[in-house]
Each structure stands twice: as structure tokens, then as C-alpha cells.
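**Q** got a sequence here, can you model it:
(one chain, ligands or ions: 1)
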Amino acid sequence: MSTAVALGVDVGGTNVRVAAVAADGGVVATGRAPTPFGDVEALVAAISGLVREVEVEVGGERDAAVPLPVGVGVAGTVDRGGTVRYAANTGLSDAPVQDRLRASLERTVVVRNDATMAMWGESRAGAARSADDAVLLTLGTGVGGGLVVGGRLVEGHTGQATELGHVIVLDNGRRCPCGNLGCLEAYASGTSIGRRASGRLATWDRGSSMDGLEPVSGADVVAAARAGDELALEVLDEAGTWLGVGIASLVNALDPAVVVIGGGAGSDAFELLHPTLLRALRSRVFGLAGRTLPNVVAAELGDSAGVVGAALLARDHQEDRP
Ligand SMILES: [Zn+2]
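**A** The predicted structure is shown next:
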């Protein structure tokens, strides 16, 4: 068994997941518990308990005087000090999760946004490991994003960089859950793909295997498209085009070597979205004749990307210490 070098934690709306991770990104041991809602002290207790449990499991060969560093990814807005400013699905606001966990666990703890952690996982041990410049888009309930530029994770001045789902692709376009109009998330999340199919079904008179489904999920659309459903294929072509539009702007700004598409819906629909996405990208990117387009690839770490990235980022922070 590989030696664990750090622990990664993912705080989701339903479960807190912990993984002990080796230097090469391999997951050595895991644990999980229900996520407490809206209570930072209960969350810190749950994470601390899981960390100690998993640490005992992998701790036989380790020097107990040097506790494993802990990285934590949270779906929501997290500042550079590891305070969760706002996280709707865990009911947290202005919650100093990093400070509280450092006090509880007495070791290096790094708390960041979950998509940021997933980007670091794919960058260090997944689909972007050969690239110094990479973009990640996670398509799920929403659209999350991460960026690596020159081998470094981009966090921004306040820690709120890389909200790539809220890049505007159409002025006054569809309403996004964030309140703005025309964000990429309103066109390319799993939720928005399902919603678009629902809307189109109301006036679609050629028959569809999705007839009678209410609500239609993104996964329903992908399954129908795989079976050749004409409407589902159209809806995914449209989502792929919007993704290509959004990615073209990111490519013009950043010139990445790799664009990684992950998240539940992104991984599920990757091969269906890829051709239209590339077509839209090629027709919109600046200076096509004189440039190499990035490889647009599927994520490799699946739903482990967040815990792997969190663990490896915590280890990097520990090594940065004097
Ligand atoms: Zn938005």
C-alpha cells in the first residue's frame, strides 16, 4: 500500500468525504459522514472525527509527531483565509472553517472552493498533469471552474477567481441561478440541459423518448441522446455550442494547453458535447491560423478530483512553510 502524504476532504450538500492520498494522487483510504447543515462547529467536529479515523487507518508506518496536512474543498464562495463566505447547500455564511479546523486538528489546514480543489487534482494527478496552463469546467448542478497558469493555481485577489460558470456568453440571455442573465451556467450545467429539454418538449411534435418525464434531468437527456433521440441530441448540440463559445473566450484570455471537462454531467455527456464544442471553439477563437488549439479532454479523476486536489494542495502548503 502507498504511503499517505495528506488528507483531502470534500464538503458536499449531503456528505462529508475524506480520503488519505499518496504523493502520486492515489487514494489510500476513505471515510464519510452526513454533512451537518448551517453549523460550523458541528462541521468542524465531523471533519475532525473523520480525519482522525482515516488517519488511524493509514497511520501505522507514520511518525505521529508530524500529523498529515488536511485540505478541504467546499462548494461555495471561500476567501483566501479559508473562511466560507457563502455556501447555499451547506447553509454556511462567514464561517471561519480553516481557522476552526487548525485549532481543532493542530496542523496545516487549507480550505478552498471545491472546483479549485478539483482543478488542482486534475493538474497534479489527472487529465492536465502534463500541462502548466490548464482550465477545468465542472458541469453538474451548476458550472464550476478552475485555472492553472504557469503551473500555479489561480485564486485571485480575494480567493474568488475562476467562477467560470458565470462568464457571460450572451448579454440579456437566460436567467442564471446567480441572478444574472446569460451566464455559461445557464446554458451548460446538467440542470440547465434538463430544463432546456423540458421546455423544448412542450412544442416538440416529432415524438421523444423523454415524453412524460417531468422534470427532465441532464442525465435523462444524455441517456436519450445515446439512444438516438433527436430532441436530446439537439439540446446537447446546443449546450456544446455554448460551451465552445465560453471556452473560446477563456482560450483567448489564457491560451491553455488543456481544457478539462468534468463534473457528473460533463463526464457523462463528454463524447456527445465534444464535436459541437470543438466546432464552436474553432470558429470563434482568435488567430486560429497561427495557433495550436488546446486539447479539450474529459476529466480523469471522476468524483475523487476534489479530495485528491485538496490533499495535494495541503501538502504543498505544508512544504511552503519555513
Ligand atoms: Zn451566473
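
**Q** residues in contact with the closest residue to residue 171 other than its chain neighbours?
**A** Distances taken as CB to CB, 6 or more residues apart in numbering put residue 182 closest to residue 171, at 5.7 Å, once the chain neighbours are dropped. Quick note: C-beta positions are derived from backbone N, CA and C, even for glycine. Counting by CB atoms under 8 Å, 6 or more residues apart in numbering, residue 182 touches 168-174, 176.

**Q** how near is residue 182 to the ion?
**A** 8 Å (CB to the ion, to the nearest Å).

**Q** which parts of the stretch 101-250 of the chain sit against the ion?
**A** Counting by CB under 5 Å from the ion, the positions of the stretch 101-250 of the chain adjacent to the ion are 166, 176, 178, 180, 183.

**Q** grab the nearest non-local neighbour of the last one.
**A** What that stands for is residue 183. residue 176 (3.7 Å).

**Q** count of residues packed around the one you found?
**A** With neighbours defined by other CB atoms under 10 Å, the count for residue 176 comes to 21.

**Q** kindly report the same for residue 313.
**A** 26.

**Q** just to be sure, it is in a helix?
**A** Yes. Assessed by DSSP: H, G, I helix; E, B strand; the rest coil, residue 313 belongs to a helix.

**Q** right, and it touches residue 69 too?
**A** No. Counting by CB atoms under 8 Å, residue 313 sits too far from residue 69 to count as a contact (9.0 Å).

**Q** what is in contact with those two at once?
**A** With contacts taken as CB under 8 Å, 6+ apart, residue 313 and residue 69 have residue 110 as neighbours in common.

**Q** what sits against residue 294?
**A** Listed by CB under 8 Å, 6+ apart, the contact set of residue 294 reads 135, 251, 255-259.

**Q** go again with 10 Å.
**A** 131, 133-135, 247, 250-251, 254-260, 281, 285 (CB atoms under 10 Å, 6 or more residues apart in numbering).

**Q** just the buried ones from the contacts of residue 182?
**A** Buried by 16 or more other CB atoms under 10 Å: 168-169, 173-174, 176, out of the contacts of residue 182.

**Q** report how many residues lie close to residue 308.
**A** Residue 308 has 30 nearby residues by other CB under 10 Å.

**Q** wouldn't it be in contact with residue 129 here?
**A** No. Using CB atoms under 10 Å, residue 308 is not in contact with residue 129, being 11.3 Å away.

**Q** hang on, the earlier thing: among the residues of the stretch 101-250 of the chain next to the ion, which has the minimum pLDDT value?
**A** Across these, no position has a lower pLDDT than residue 178, which has 92.

**Q** how far away is that residue from residue 119?
**A** Separation of residue 178 from residue 119 (CB to CB, to the nearest Å) stands at 20 Å.

**Q** more neighbours: which of the two?
**A** residue 119 (35 against 13).

**Q** and the residue nearest the centre of the chain, its phi and psi?
**A** For the chain, residue 115 is the residue whose C-alpha lies nearest the centre (CA atoms, centre = their mean; 3.3 Å). Here is the backbone geometry of residue 115 (degrees, to the nearest 10): phi -70, psi -30.
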